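K.L.:
structure for this input, please:
(4 chains, ligands or ions: 2)
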Amino acid sequence: MGDVGAGRASSAPLSGGDAEPTLRDLSSHGRRVWSLPELDVPSSDLGLPELAEAPPDLPEVSEHDLVMHVTRLAQRNFAVDLGAYPLGSCTMKYNPKVCDWAAEHPGFRDLHPETPAAMAQGALEVLLAAEEVLCEVTGMERATFQPPAGAAGEVTGLLIMRGWHSSQGDPRRVVLIPDSAHGTNPASVTLAGYETVEVPSDERGMVDVAALRAALDDQVAGLMLTNPNTLGLFEEDIGEITEAVHSVGGLVYYDGANLNAILGIARPGDMGFDIVHSNLHKTFATPHGGGGPGAGPVAVRESLVPFLPGPLPARGADGELRWEMPEHSIGRVHGNHGNFLVVLRALTYMRALGGDGMRRVAERAVLNARYLAELVRPEFDIPYDRPCMHEFVASARRLKQRNGVRAMDVAKALLDRGFHSPTVYFPLIVDEALMVEPTETQSRETVEALAAALLDIAGDDPDAVRASPVRTPVGRLDEGRAARTLDINWDSW
Amino acid sequence: MGDVGAGRASSAPLSGGDAEPTLRDLSSHGRRVWSLPELDVPSSDLGLPELAEAPPDLPEVSEHDLVMHVTRLAQRNFAVDLGAYPLGSCTMKYNPKVCDWAAEHPGFRDLHPETPAAMAQGALEVLLAAEEVLCEVTGMERATFQPPAGAAGEVTGLLIMRGWHSSQGDPRRVVLIPDSAHGTNPASVTLAGYETVEVPSDERGMVDVAALRAALDDQVAGLMLTNPNTLGLFEEDIGEITEAVHSVGGLVYYDGANLNAILGIARPGDMGFDIVHSNLHKTFATPHGGGGPGAGPVAVRESLVPFLPGPLPARGADGELRWEMPEHSIGRVHGNHGNFLVVLRALTYMRALGGDGMRRVAERAVLNARYLAELVRPEFDIPYDRPCMHEFVASARRLKQRNGVRAMDVAKALLDRGFHSPTVYFPLIVDEALMVEPTETQSRETVEALAAALLDIAGDDPDAVRASPVRTPVGRLDEGRAARTLDINWDSW
Amino acid sequence: MDFTPHTEGDIATMLGKLGLGSTVDLYRHLPGQVVLDRPLDLDPGLAEPDVMAMVDQFASHNTPLVCFAGGGIYDHFLPSVVRSLTMRPEFVTSYTPYQPEVSQGVLQLLFEFQSMVASITGLPVANASLYDGATAVAEAVHMAVAATGRQAVWLSRGLSPGIRQAVVTMAAAQSIEVVEHPLVDGRTSWSEQTPEPAALVLAQPNYLGMVESYEDMVSLAKPMGALAIASVDPMTLGLLRTPGSAGCDVAVAEGQPLGNPMSFGGPVVGLFATTRDHVRRLPGRLVGRTVDGEGRPGFVLTLRAREQDIRRQRATSNICTNQTLNAIGSAIHLAWLGPHGLRRVGEFSAHKARYLAGRLEELPGVSLANKRGFLREFAVVLPLDPDEAVAAMAERGFLAGIPLGAEYPELSGGLLVAVTERRTRHQLDSYVDALKEVIAGG
Amino acid sequence: MDFTPHTEGDIATMLGKLGLGSTVDLYRHLPGQVVLDRPLDLDPGLAEPDVMAMVDQFASHNTPLVCFAGGGIYDHFLPSVVRSLTMRPEFVTSYTPYQPEVSQGVLQLLFEFQSMVASITGLPVANASLYDGATAVAEAVHMAVAATGRQAVWLSRGLSPGIRQAVVTMAAAQSIEVVEHPLVDGRTSWSEQTPEPAALVLAQPNYLGMVESYEDMVSLAKPMGALAIASVDPMTLGLLRTPGSAGCDVAVAEGQPLGNPMSFGGPVVGLFATTRDHVRRLPGRLVGRTVDGEGRPGFVLTLRAREQDIRRQRATSNICTNQTLNAIGSAIHLAWLGPHGLRRVGEFSAHKARYLAGRLEELPGVSLANKRGFLREFAVVLPLDPDEAVAAMAERGFLAGIPLGAEYPELSGGLLVAVTERRTRHQLDSYVDALKEVIAGG
Ligand SMILES: Cc1ncc(COP(=O)(O)O)c(C=O)c1O
Ligand SMILES: Cc1ncc(COP(=O)(O)O)c(C=O)c1O
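P.N.:
Ligands and ions are numbered 1, 2, ... in the order given. Prediction:
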């Protein structure tokens, strides 16, 4: 009984079917859902120059139609709650339901951000408590939770870098990043007004220390690094790297996307990093929400604390928490206090795990990845073949050579087998890359089922693989046509 | 765009796929979800004779596995939130989300039933408020909310009947029910210690008044009747019927399953009924929960109030509510106060609708049914062809004659077209019955799409129809084998 | 609020097709004298914000209390994952799985529920739920009567008053004789009586919280050919022998503590399990596993011929709509607990109950009705009227327990106190302090 | 709590396959000096009940207040259906729809979001969300700089301090010159400046609640070849002309009031819409409709070449994870509102704001900063320190508003008061009474 492997969505909910109409298609003039009490004050003439004659053209549907529409759409979406989601670099682990409960707590959900600190002590306590955990885990001094995502954290960190260099009377021009870096890194460098210089990886898949040294000079504001890097490998020369950057007066930025691998095992601060962002929506299990919201808090070592965005919560002599602006703050980087409810979820998770729980997470994330890599080795190359951490990057190049099956085909064929696909074609330095991150919340059985599916695809009829997916609500979509026709609005434009 | 008609689940989520393992299959010794704080009192030796050596054999799974399992199962289930569910006699209307919110209100959800009335005034107020609405809608004096479903309401009503006759020194033996009655009616009659005598329907599909008169004598405790009846027809002789039963000293019981049709239009009390149950999970939009919980409150006219189950909430001189036992109460019929949270949902719905809203519900439920009946007429007979109320019973007999397609085949073919099926083979007096109840929350477009699907099935290749469903997670299941092998427990037994 | 989607245009189109002039015409065939000639005397409908304000207001009239009441409904910890999964709209807004092909979710969960209920009761045949614990006992008695053809039943007075009432009400209508057997030292004292009963029924632990001897009941029932029925507390089943292994023929339970909030007592759920002998007499729904035409496994409602819609007045029960969603909640909660969680909840509750009982005994004038032999619930005898004590404790934030005097005159100062694993030591100590105050003041 | 499923047996099997002796060996290739030689200095993990108790306790340290604060985040009514649909686990626990075949749910809702944002802004090209209203303005400025090649921007001082700060921070790093234009009588007074700007930016209504003239901005911007950017309040878009119809090139908004609770200010969502000219310069994700091999319609992320993962340092923005779930909430809420609901919310809020403003004016020493021209938010000048007033009002249960003095020294006694349709007349009157008391007492 039970011919679906564990951790694998039955493909049933996602197999071929009819299209769902849009809300526009469902709309009929005069239908309504909205429901508001009658006006209980005298109405006055609004008489303003910019008033519109008629309200905008929005759909008019009934509540039942709205519910059916969205529920049907929900069922056309894969999710962590449905099956394994080994999307590398994204840490698609289980998002505990108790954290959902926390984020719906009316005491926080209905709190206005301009509530005076005295009336929002609980919210400030949450921020401070989460900060304490984050600083202990990263080996940093203080942190801001304002950045609403990792990329926003990167810019924030780079602005702190800029602030610090400026304060030294030595503004600099260049930020170094490895060629394996995530795309947000160089994009953030540009936004922060710096120039990107790429550092090549060596044959081990790590930063080429010699090349790094060669690139270092007094125009280098800093280096951005992910560790474990995007190949899932721990940068073994990390001590030498951070020292080298420091020796020319640069700072080292830790892109925390892969922090999950080393929770309680090693800390960026101890490796010599100065500025650390982490993605609460990865390491700390806050859900990804179909693409957000996340949170990208930035933690820094003591010397950089005065440059943090603010305000930050601080405990006064009377024990009350208040907002304080760091001395040389780069200012606010969010309109309010960041994605607060995401932080609350993360704190809930952090406290549920505790110190030993964190270490357990890291160990098992690594164990799952290492085990999976071992299992798929018969059919997939692992170009930078060293002990991986929480994820590994395989290459479909053998399949491609053998019968033209590419990484994207493997990804689509996995969808038909009830799994989400790994990240494909990233990092750019691996040919036909499949970046696989099982996470620690998948069971041994699920990891084995995932391996079996990958091996099965490798042995499958190449035409069938290239024609996949066939059990999803739609088949492969014509992306070229999408970009040409730009049908991005249900009204023609 | 949008080639699925409105109100119709994309068949995608329900089309063929793999089986979901059972929790037993997913279990692995040593896995766990449960999470409890450490014991904070001294532990003592429990030393009892009946202690077990080991706990029972239950599955051991992780929280993520549990979530994936149940979520995948949820997606293998049709629901009102997914599409039209025209299951006759069941009133599968939209269940408003605001009522879900109400039923999760901690002020009620976490309330123990033995809370003294003084500390549970809100709960008593809810019961009394719902009672007031129910009595106004049915034309009755008072009501009990203890019965947890319609069938329980029936037994309750019959015990009240018995109590009343006994109090007259005239216990009686027989309860009459029409041959079109729902199965719970005769089953309840037996449980209440009465004998069932069936009254035939006439050629109009209504109670045959002459036959009824012939069956009436001094052993008849009463008559149970649904109005509109299970054919969806209003019993036009209702005045004569209730008068005739009363004339031999009997009481008339209203099975309120079909109350939705006449909300605010006509009231059982005004028709001469003495005892009325209603199904909150039908008329008052509380969700059906995959088969329950429902609620089957029983309302009675003034003379029967002393026999109601108790306690009932009553307002004291000080304005406080307390529990009071009716004088000749038949006692409690539920361990506590009935399905309280279901009542709370219903009250929320009742108040959201108000008086005019109720009438609107009835009118539009009838309009939808009448319109749908008209649209399917080209292919389906309507054997008792009179203006229907909120539902109608069609017959697939023409199809059966033409090419052997039966009502059940039509039902299954509808599943493939994204709709739930009507009730089939009920009432028993219609050959190849399809009992169709669109409800008022389906739009005209959905009703038309449903009609189109039914007509399409009638014109489809009969072999294809008989082979359906093919787009569901499983095909037609072997019920005979299920009854023979009795595989009802994952352990062999 | 208005949940109908009809626009004026829709109505006109539809009426037009029907040849009607207005919606009133839909009812023109109704006899005039039954048509209501006025609008319903109800307030106009509320908008959603006002509906929510109404519910908030009603709720604010309840006083939240720390719960020490039990008697069948217990304040155990309800994990967030259990509630959020149970409340999936696909379960909440579906109905009885009459069309199994699109109901595999509900069906498989009910199959899993049955299997786990079988496991914790030690009886292989469990149904897919009944209304509540009280009806479950009544249904069990009904089944025993059908199985034995006898018209009498023996009830332990250790069954809760609610359960006994349910049985008596049903029995009276069906001319079944009910004999109650007293408690001695808190445990049922069975004695031979005539006529021979269809069944003996006890509660385990009983209403006063005492663990009963299965042996006493079973050894009496078996030779007489009567069924032994146990009404068990599911949260003790990780600790106690299963009724099945102790020789009972039927086990029933109030399933509320498994996956369901207290809900002012409803909706809750009745569990029902029995031996293979009685499978065709089972009340309620039963789910079985089978295959489709292509051999794929699937689940269906089975042995449907027992049910009211087919068998009508000869059905084994009249049940139709039952408590499926609550049973789903129970199944998910059982999976959450697993064997060790279930045991742990039972153990911790018992340790906490004993701690509290020990501390209460130290209060002046307070004694335990029975010193030992209980798990997480016990009867304490107070030096003041328990109703007054409950009222005074409520002012101090506690739901102190259930006064016993009305139902058990022999325990006129008795208060039934339940302690679950949720109660912290701090709450237990505060309870003692508050009661001390109340006693001193009274 | 422990969310890992590994049993001891699993770990042994897996390590065995890897030829390792223990999990510590997984890290043995790490350089010794970076490996932490102690456990993390954190409390042990909590069980679920304790986790929930912790959250309850933090929450209890916040004081619930009736909200009259706005400034971008508003206390509008959030319908239950919107929240329950948005929180479907399939949306919550998925990620960016990189694999469109299994992401049609999120993709289609984002397409619908884009279409509705286009509708309410009157601009055809809307993206699939940005972080918040402030970043949205910064991104718009960034886009204008790219479009015009100019390194200056003019901001109205009617933009909120938070928005201006976001632009200034970004501009400083990129050497873009920012010129602020003052408010006169509560409205922006534009004046010619050099160098020519890439864009003019105003808020509609502005931070003080005043409705601005689009014409003033657009007529100045167009001849200069600068973009006209409006930062709008979505809940006024049922009432006011769309920025598109008024000639603006870009409209951005803080989308919180659409479908999102106040959440202490986050997560919220930024809306961004522009003309067809700028589609290839758009920041953020964009969803387009296309077909699969069989001609079935479907949705994909499109114009991906703008994005950071492809274009890296030359991307139009660095945004990756954004606010998709909040955008989904906005889409569902917009569908709930429809054209008439959106208008009604705007109208009712405005009527209530004007009623309150009228009553406040009657209080001794209180005046309105601007007597007319506002909708649901207005600045009132108090005869006492607004910070003190806010503190005193909080003791009376009100979040009275946002003190303006720090950001607008010209309004040193100013308090920004927002009124949504949720506020009842009773609450408005009580607010007035409380403020009267505070003024009298101060
Ligand atoms: C290595 C790496 N760096 C940075 C980011 C950017 O984080 P975010 O998506 O939260 O902006 C990601 C996210 O995918 C990443 O994988
Ligand atoms: C006509 C009729 N009577 C009675 C009932 C029994 O109601 P319940 O299922 O709530 O017990 C039903 C339910 O299906 C019904 O349709």
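
K.L.:
residue of the stretch 201-350 of chain A nearest ligand 1, please.
P.N.:
Proximity to ligand 1, evaluated over the stretch 201-350 of chain A using CB to the nearest ligand atom, is greatest for residue A:257 at 3.3 Å. C-beta: built from backbone N, CA, C; applies to glycine.

K.L.:
test my guess that that residue contacts residue A:276.
P.N.:
No - counting by CB atoms under 8 Å, residue A:257 stays clear of residue A:276, with 11.1 Å between them.

K.L.:
do you have the strands of the stretch 101-250 of chain A handy? List them.
P.N.:
Using DSSP state E, counting those that start in this stretch, the strands of the stretch 101-250 of chain A run over residues A:142-144, A:174-178, A:195-199, A:220-226.

K.L.:
now do the stretch 251-400 of chain A
P.N.:
Under DSSP E, counting those that start in this stretch, the stretch 251-400 of chain A gives strands at A:251-256, A:275-278, A:298-300, A:312-315, A:321-324, A:392-395.

K.L.:
which one's more surrounded, residue A:257 and residue A:276?
P.N.:
With neighbours defined as other CB atoms under 10 Å in any protein chain shown, residue A:257 and residue A:276 compare such that residue A:276 has more, 29 against 25.

K.L.:
bridge partners for the more buried one, pull those for me.
P.N.:
residue A:254, residue A:299 (DSSP bridges).

K.L.:
quick check: it touching residue A:138?
P.N.:
Yes - under the criterion of CB under 8 Å, residue A:276 makes contact with residue A:138 at 4.6 Å.

K.L.:
what sits in contact with each of these two?
P.N.:
Residues within reach of residue A:276 and of residue A:138 at once, by CB atoms under 8 Å, 6 or more residues apart in numbering or on different chains, are A:254, A:256, A:268, A:269, A:299.

K.L.:
quick check, nearest of those to chain B?
P.N.:
Proximity of the shared contacts of residue A:276 and residue A:138 to chain B, judged by CB to the nearest CB, is greatest for residue A:256, which lies at 22.9 Å.

K.L.:
leaving out chain neighbours, which residue sits closest to the closest one?
P.N.:
Leaving aside its sequence neighbours, residue A:256 sits nearest to residue A:278 (CB to CB, 6 or more residues apart in numbering or on different chains; 3.5 Å).

K.L.:
that neighbour: what's it in contact with?
P.N.:
Contacts of residue A:278 (CB under 8 Å, 6+ apart): A:134, A:137, A:138, A:153, A:256, A:259, A:284, A:296, A:297, A:299.

K.L.:
of these, which belong to helices?
P.N.:
When DSSP state H is applied, these are split such that A:134, A:137, A:138, A:153 fall in helices.

K.L.:
look up the closest residue to the closest residue to chain B within the stretch 251-400 of chain A, ignoring the ones flanking it.
P.N.:
In the stretch 251-400 of chain A, no residue comes nearer to chain B than residue A:352, which is 8.1 Å away by CB to the nearest CB. Nearest residue to residue A:352, sequence neighbours excluded (CB to CB, 6+ apart): residue D:1, at 4.0 Å.

K.L.:
pLDDT added to the ones in helices among the contacts of residue A:278, as a markdown table?
P.N.:
Shown next, in a markdown table, are the ones in helices among the contacts of residue A:278 (pLDDT from 0 to 100):
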| residue | pLDDT |
| --- | --- |
| A:134 | 98 |
| A:137 | 98 |
| A:138 | 98 |
| A:153 | 97 |
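
K.L.:
tabulate those residues (JSON lines), appending neighbour count and distance to chain C.
P.N.:
Shown next, in JSON lines, are the ones in helices among the contacts of residue A:278 (neighbours: other CB atoms under 10 Å in any protein chain shown; distance: CB to the nearest CB, whole Å):
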{"residue": "A:134", "neighbour count": "27", "distance to chain C": "24"}
{"residue": "A:137", "neighbour count": "28", "distance to chain C": "25"}
{"residue": "A:138", "neighbour count": "28", "distance to chain C": "28"}
{"residue": "A:153", "neighbour count": "35", "distance to chain C": "29"}
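
K.L.:
out of the shared contacts of residue A:276 and residue A:138, who's nearest residue A:130?
P.N.:
residue A:299 (10.8 Å; CB to CB).

K.L.:
and the gap between that closest one and residue D:39?
P.N.:
20 Å (CB to CB, to the nearest Å).

K.L.:
quick one, which of the two is more surrounded?
P.N.:
More crowded of residue A:299 and residue D:39, by other CB under 10 Å: residue A:299, with 31 against 13.

K.L.:
the more buried one touches residue A:145, doesn't it?
P.N.:
No - counting by CB under 8 Å, residue A:145 is not a contact partner of residue A:299; they are 9.9 Å apart.

K.L.:
nearest to residue B:318, out of the strands of the stretch 251-400 of chain A?
P.N.:
Across these, closest to residue B:318 is strand A:321-324 (CB to CB), at 46.1 Å.

K.L.:
each with direction, which strands does that closest one pair with?
P.N.:
strand A:312-315 (antiparallel).

K.L.:
tell me which residues in the strand it pairs with are buried?
P.N.:
Neighbour counts over strand A:312-315 (16 or more other CB atoms under 10 Å in any protein chain shown) mark A:312, A:313, A:314 as buried.

K.L.:
got a list of contacts for it?
P.N.:
A:117, A:124-125, A:127-128, A:131, A:142, A:144, A:321-326.

K.L.:
hmm, 7 Å instead?
P.N.:
Residues from elsewhere that reach strand A:312-315 (CB atoms under 7 Å, 6 or more residues apart in numbering or on different chains): A:124, A:127, A:128, A:142, A:144, A:321, A:322, A:323, A:324, A:326.

K.L.:
residues in contact with the third one?
P.N.:
Which is residue A:128. So residue A:128 contacts A:313, A:321 (CB under 7 Å, 6+ apart).

K.L.:
try it again at 6 Å.
P.N.:
residue A:313 (CB atoms under 6 Å, 6 or more residues apart in numbering or on different chains).

K.L.:
quick check, pLDDT for it.
P.N.:
Per-residue confidence (pLDDT) for residue A:128: 98.

K.L.:
next to chain A, which bits of chain C? Give me the list.
P.N.:
C:1, C:3, C:5, C:7-8, C:47-50, C:80-81, C:84, C:297 (CB under 6 Å from any CB of the partner chain).

K.L.:
in chain A, spot the helix with the most residues.
P.N.:
helix A:340-376.

K.L.:
buried set for it?
P.N.:
Quick answer for helix A:340-376 (16+ other CB under 10 Å): A:340-355, A:357-376.

K.L.:
which secondary structure elements does the helix or strand encompassing residue C:215 contact?
P.N.:
Assigned by DSSP states H and E, residue C:215 falls within helix C:214-224. Here helix C:214-224 touches strand C:199-204, strand C:227-232, going by 3 or more CB pairs under 6 Å, 6 or more residues apart in numbering or on different chains; DSSP states H and E.

K.L.:
just the pLDDT at the residue of the stretch 201-350 of chain A found nearest chain D, thanks.
P.N.:
Closest to chain D within the stretch 201-350 of chain A is residue A:336: 2.4 Å, counting by CB to the nearest CB. At residue A:336, the model reports a pLDDT of 94.

K.L.:
next up, the contacts around the closest residue to it other than its chain neighbours.
P.N.:
Using CB to CB, 6+ apart and skipping residues adjacent in sequence, the residue nearest residue A:336 is residue D:265, 2.4 Å away. Applying CB under 6 Å, 6+ apart to residue D:265 gives the contacts A:113, A:336, A:337, D:73.

K.L.:
same question, residue A:31
P.N.:
Per CB under 6 Å, 6+ apart, neighbours of residue A:31: A:60, A:61, A:62, C:5, C:7.

K.L.:
wait, is residue C:271 part of a strand?
P.N.:
Yes - Residue C:271 sits within a strand when classified using DSSP: H, G, I helix; E, B strand; the rest coil.
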